[in-house]
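**Q** here is a sequence with its predicted model. Questions after.
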Amino acid sequence: MPTRKKPSARALAAVEPARRRSVERAPVEHVLARIRAMQPTLPRGARQIADFVLSQPSEIMHMSVTELAEGAEVSEGSVINFCRSLGMSGFQQLKLSLAQESVQPVQYIQEDLDLDDTADLYCRKIFHAGIQALRDTLSVLDPQVLEQAVETLRSADRIEIYGIGSAATIAEDAHFRMLRIGLNVRLAVDSHVQAISAAQTGPHVAVLTISHSGATVETVAATRLAKEAGARTVVITNYARSPIQSYADHVLFTMARETRYRTEAMTSRIAQLCVVDALIAGLALADYERSSEALRQTFDVLAIKRF
């Protein structure tokens, strides 16, 4: 029986551009949720495109780039730049993504509460909003970036965690759980302590900052100071352009929609907790023996707290 010849390096090289083009044209999941998340931070022209797309997504699939530009009253170049800001190669990929979403529509549950809502209804709104935030976050969380963030944190001599306001509780949870697996970690949820601590970091330190908006003055300043001091920085923030991303080596995105009555609601914290959970899992698996032993020791220590 004749053996099958392996493809030559030249043949593989010829296939690679076609494969890359296929990946670049592949539909992107939850594109409407991505646009909604970015909408508040977009410049005027891009926001006009976002408004136009969100107002009639099913019609965009049948338009040319020229027709979309005319409808949104922007240039064709602005449309292409808008698509690239969503992580797409161009307008064709946007159309394919909208087409996929129309075939498998995502059911968005409006989380805003009404005075007439029954207990059953407001529970459903809140729970479904949390579920949707997790689905959307999974769609934008890049596994490769997560792996890089894990390596940055595990290779550091010390980890510092920053969070302000509603993010402070997530920072505290991350701090507690990293302690449980034996990492050298410090927590700062006071803006003054953050600034002092960040200024005294260096290349041997990794900083994890948690900020839903990515625009909180205190945490942006602390992350900037740490970056300037030479620390490696990991940021968990919502999917949108924000100032803090300029000072991040690795950005782990969440995607949670804020609402009229519940700005930075529980949905954002649910998404952040799951990203932290993924980080902890990666760190524990990367040093399994050490983490297992640390967990055993801390479990024994905490046993004296129980009856």
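**A** Arrived safely.

**Q** going forward, measure contacts between C-alpha atoms and count neighbours the same way
**A** OK.

**Q** okay, now the unreliable bits of the protein?
**A** Where the chain drops to pLDDT under 70, the residues are 1-25, 103-112, 258-265.

**Q** which helix or strand contains the residue nearest the centre of it?
**A** The chain has Phe253 as the residue nearest its centroid, 0.7 Å off, counting by CA atoms, centre = their mean. Per DSSP states H and E, Phe253 falls inside strand 250-254.

**Q** note down every partner strand of that strand and its orientation.
**A** Strand 250-254 has the following strand partners under DSSP bridges: strand 232-238 (parallel).

**Q** on that earlier part again, ok, and what's touching the strand holding Phe253?
**A** With CA atoms under 8 Å, 6 or more residues apart in numbering as the test, strand 250-254 has contacts from 133, 136-138, 140-142, 145-146, 148-149, 233-239, 245, 268, 271-272, 275.

**Q** any of those buried? List them.
**A** Buried residues within the contacts of strand 250-254, counting neighbours by 16 or more other CA atoms under 10 Å: 133, 136-138, 140-141, 145-146, 149, 233-239, 245, 268, 271-272, 275.

**Q** please enumerate the helices of the stretch 101-250 of the chain.
**A** 119-140, 143-154, 166-180, 191-199, 217-228 (DSSP state H, counting those that start in this stretch).

**Q** any chance of those in a markdown table with distance to Val301 as columns?
**A** As requested, these are exported to a markdown table (distance: least, CA to CA, whole Å):
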| stretch | distance to Val301 |
| --- | --- |
| helix 119-140 | 33 |
| helix 143-154 | 24 |
| helix 166-180 | 11 |
| helix 191-199 | 29 |
| helix 217-228 | 33 |
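
**Q** so which of those comes closest to Ser78?
**A** helix 119-140 (22.9 Å; CA to CA).

**Q** output the contacting helices and strands for that closest one.
**A** Under the contact criterion of 3 or more CA pairs under 8 Å, 6 or more residues apart in numbering; DSSP states H and E, helix 119-140 touches strand 250-254, helix 266-286.

**Q** now the first one, how far from the centre of its chain.
**A** Shown here is strand 250-254, whose average C-alpha point lies 4 Å from the average C-alpha point of the whole chain (CA atoms, centre = their mean, to the nearest Å).

**Q** and the last one, by the same measure?
**A** Put simply, helix 266-286 sits 11 Å off its chain's centre (CA atoms, centre = their mean).

**Q** again, but for stretch 32-42
**A** Worked out by CA atoms, centre = their mean, stretch 32-42 lies 13 Å from the chain centre.

**Q** could you do stretch 184-191 as well?
**A** 22 Å.

**Q** what is the end-to-end distance of that stretch?
**A** One end of stretch 184-191 sits 21 Å from the other (CA to CA, to the nearest Å).

**Q** and stretch 236-253, by the same measure?
**A** Termini of stretch 236-253 sit 6 Å apart (CA to CA).

**Q** tell me, how many residues neighbour Leu282?
**A** One correction, residue 282 is Gly, not Leu. 18 (other CA atoms under 10 Å).
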